[in-house]
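Peer 1: My questions concern the predicted model and sequence given below.
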Amino acid sequence: MRNRGFTAIASSPTMVGAVTVLIVVVAVFLAYNANRGLPFVPTYRLTAEVPNASNLVPGNEVRIGGVRAGLVESIDPVQDDDGAVSARIAMKLDADIEPLPVDSTLTVRSRSALGLKYLEIRQGDSSEGYAQGSVIPISSARPEPVEIDEVFNMFDAPTRVAIQRNLVEFGNALAGRGPDLNAALGSLPPALLHLEPVMANLASPRTRLGGFVRGLAAAAAEVAPVAEVQARLFGSLDTTFAALAEVARPYIQETISESPETLDVAVDTLPRIRPFLANSAALFGDLRPAVASLSANAPVIAASLEAGVPALLAAPRLNRELAPTAESLLAFNDDALVRTGLSRLEQTNDILGPAVRFITPAQTVCNYGSLVLRNVSSLLSQGSGTGTWQRFLVFEPPSGPNNEGSPSSGPANGPAVENFLHVNPYPNTAAPGQVRECEAGNEPYIIGRQMIGNVPGNQGTSTDGQR
């Protein structure tokens, strides 16, 4: 029965044609979707962020170790918060790659010179891996390699002209120097023998040549923004050196020839003058406030200089008198009687010193000496054509039996008679050991209490005639 049914189908042109069309449609569908992976096959999907996905299109291969491991499913641009734009690549990888180590890196590389690209993954060795649907951060993307068209773009018209000129100049430099080149080539073998250990040292990890090169790259990156300024600097150096060429001989030549001896002297002398320089720096630092005040005091200084000119003109006469004056002072000093007198004067000063120190504040602080002289001078200041008369004050009789506002009619014997004694024979005059006050003339009258001596409180230092 089965053979008869199959024979019936095979003998039917319609059924054969339908099966053939179905097989062709399936083959075309599989061929069309070959770049997107086979249907019903399990896959490992990841998303990766890269700085630039230029010329990378959906359907491009994802390779690991040069072997196709998946394909790019989609590419979408992403704008960060700071305005930077990157690309997000959705990948469909083979299921046996799962999980991809988290320290893996990605690089967009060229597949051919026509611009076809692919995404290369370098698997790491971490024990942790990305789960299905994870996003590989942009920190795992490595810089885009230099494309062949970018290399060719370096050779623009000015660069090509410069290369041509260099070839012409190098050709002129090498022309006719065959024997010199032969001698140089003959000297290369010994140089290469010494070069081998040098290159071994440079290749050693302990030399850290890579760090040096990265440092140079960082320095070049810092210098790049000011390249035009440096170019103008070198252009200006030509003008500077042209000016120096005019004085190169004999001036600069003599300076260079005498520099070694000068440096030897400086090496020997500078340590000795270092304390002087340090003290000079401190001196000028102390003089800075005075110099700042010169602008305000310049008129006074100018007037002083003008007044000092006559004094300087008279200085020679003064200098001539200084010698006999000094001789007279020396003879005065050598006299025994003078020395005895100076000794007695020193004793007098020692005796009078405490008294003077005690009395001096009465004038310097309280102005009492000036007040006494003023009052004495005004004692007989009034008069007429026939003469002067003395000024005095008449005290009236007391208005009561024993009041405190005028002379009392009885002894100061206290509250029974209500007559209180108020006397201060030695008031404070701001002398050493006393309260700093000018009490004489400023004492308050304390009513209802007997007061002998200094009154309570500080009466201050203000007296008549002070400024």
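Peer 2: That came through fine.
Peer 1: the domain parsing of the protein - what is it?
Peer 2: Domain assignment of the chain by automatic domain parsing yields the ranges 33-148, 220-272, 344-377+402-467.
Peer 1: looking at those domains, which is closest to P13?
Peer 2: domain 33-148 (30.7 Å; CB to CB). From N, CA and C alone the C-beta is placed, and that goes for glycine too.
Peer 1: can the domains of the chain go into a markdown table with extra columns for mean neighbour count and mean pLDDT?
Peer 2: As requested, the domains of the chain are arranged in a markdown table below (neighbours: other CB atoms under 10 Å; pLDDT from 0 to 100):
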| stretch | mean neighbour count | mean pLDDT |
| --- | --- | --- |
| domain 33-148 | 15 | 81 |
| domain 220-272 | 10 | 86 |
| domain 344-377+402-467 | 13 | 80 |
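Peer 1: Figure out which of these is closest to P179.
Peer 2: Taking CB to CB, domain 220-272 is the member of those nearest to P179, at 33.7 Å.
Peer 1: Ends of the closest one, what's the gap?
Peer 2: The straight-line separation of the ends of domain 220-272 (CA to CA, to the nearest Å) is 42 Å.
Peer 1: part of a strand, is R88?
Peer 2: Yes - inclusion of R88 in a strand is indicated when DSSP: H, G, I helix; E, B strand; the rest coil is applied.
Peer 1: And it, how close does it get to D334?
Peer 2: From R88 across to D334, the span is 109 Å (CB to CB, to the nearest Å).
Peer 1: One more: A173?
Peer 2: 95 Å.
Peer 1: Ok, C438 next?
Peer 2: Remark: distance between C438 and D334 (CB to CB) = 48 Å.
Peer 1: cool, and A355?
Peer 2: In this structure, A355 lies at 33 Å from D334, with CB to CB as the measure.
Peer 1: Mind jotting down where the strands sit in the stretch 1-150 of the chain?
Peer 2: Using DSSP state E, counting those that start in this stretch, the strands of the stretch 1-150 of the chain run over 43-50, 61-64, 67-79, 85-94, 100-101, 105-110, 117-122, 129-130, 135-136.
Peer 1: okay, those strands in JSON lines with distance to P275 next?
Peer 2: Supplementary listing: the strands of the stretch 1-150 of the chain in JSON lines, determined by distance: least, CB to CB, whole Å:
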{"stretch": "strand 43-50", "distance to P275": "65"}
{"stretch": "strand 61-64", "distance to P275": "73"}
{"stretch": "strand 67-79", "distance to P275": "66"}
{"stretch": "strand 85-94", "distance to P275": "64"}
{"stretch": "strand 100-101", "distance to P275": "67"}
{"stretch": "strand 105-110", "distance to P275": "62"}
{"stretch": "strand 117-122", "distance to P275": "65"}
{"stretch": "strand 129-130", "distance to P275": "70"}
{"stretch": "strand 135-136", "distance to P275": "67"}
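Peer 1: Mind checking these for the one nearest to L270?
Peer 2: Evaluated over the strands of the stretch 1-150 of the chain, closeness to L270 peaks at strand 105-110, with 57.0 Å, by CB to CB.
Peer 1: Run the chain-centre distance for that closest one.
Peer 2: Centre-to-centre, strand 105-110 and its host chain are 44 Å apart (CA atoms, centre = their mean, to the nearest Å).
Peer 1: How about stretch 264-272?
Peer 2: 33 Å.
Peer 1: again, but for stretch 87-106
Peer 2: Computed by CA atoms, centre = their mean, the chain-centroid distance of stretch 87-106 equals 48 Å.
Peer 1: Only C-alpha atoms, please: export that stretch in PDB.
Peer 2: The C-alpha atoms that make up stretch 87-106 are tabulated as PDB, following Å, rounded to 0.1, in the frame of the first residue of the first chain:
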ATOM      1  CA  ALA A  87      26.700  53.200  20.200                       C
ATOM      2  CA  ARG A  88      24.800  50.200  21.700                       C
ATOM      3  CA  ILE A  89      25.200  46.900  19.900                       C
ATOM      4  CA  ALA A  90      22.800  44.000  20.400                       C
ATOM      5  CA  MET A  91      24.700  40.700  19.800                       C
ATOM      6  CA  LYS A  92      23.400  37.200  19.200                       C
ATOM      7  CA  LEU A  93      26.200  34.700  20.200                       C
ATOM      8  CA  ASP A  94      26.400  31.000  20.200                       C
ATOM      9  CA  ALA A  95      25.000  29.400  23.300                       C
ATOM     10  CA  ASP A  96      28.200  27.500  24.200                       C
ATOM     11  CA  ILE A  97      29.900  30.900  24.900                       C
ATOM     12  CA  GLU A  98      27.700  31.600  27.900                       C
ATOM     13  CA  PRO A  99      28.800  33.000  30.300                       C
ATOM     14  CA  LEU A 100      31.200  35.500  28.800                       C
ATOM     15  CA  PRO A 101      33.800  36.600  31.400                       C
ATOM     16  CA  VAL A 102      33.200  40.100  32.800                       C
ATOM     17  CA  ASP A 103      36.800  41.100  32.000                       C
ATOM     18  CA  SER A 104      36.400  40.500  28.300                       C
ATOM     19  CA  THR A 105      37.100  43.300  25.900                       C
ATOM     20  CA  LEU A 106      35.600  44.400  22.500                       C
END
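Peer 1: ranges for the helices of the stretch 51-200 of the chain?
Peer 2: For the stretch 51-200 of the chain, the helices defined by DSSP state H, counting those that start in this stretch occupy 148-153, 157-174, 178-203.
Peer 1: Between those, which one is closest to V102.
Peer 2: Across the helices of the stretch 51-200 of the chain, V102 has its closest neighbour in helix 148-153 (31.5 Å, CB to CB).
Peer 1: which stretch among the strands of the stretch 1-150 of the chain comes nearest P310?
Peer 2: Ranking the strands of the stretch 1-150 of the chain by distance to P310, with CB to CB as the measure, places strand 85-94 first at 85.7 Å.
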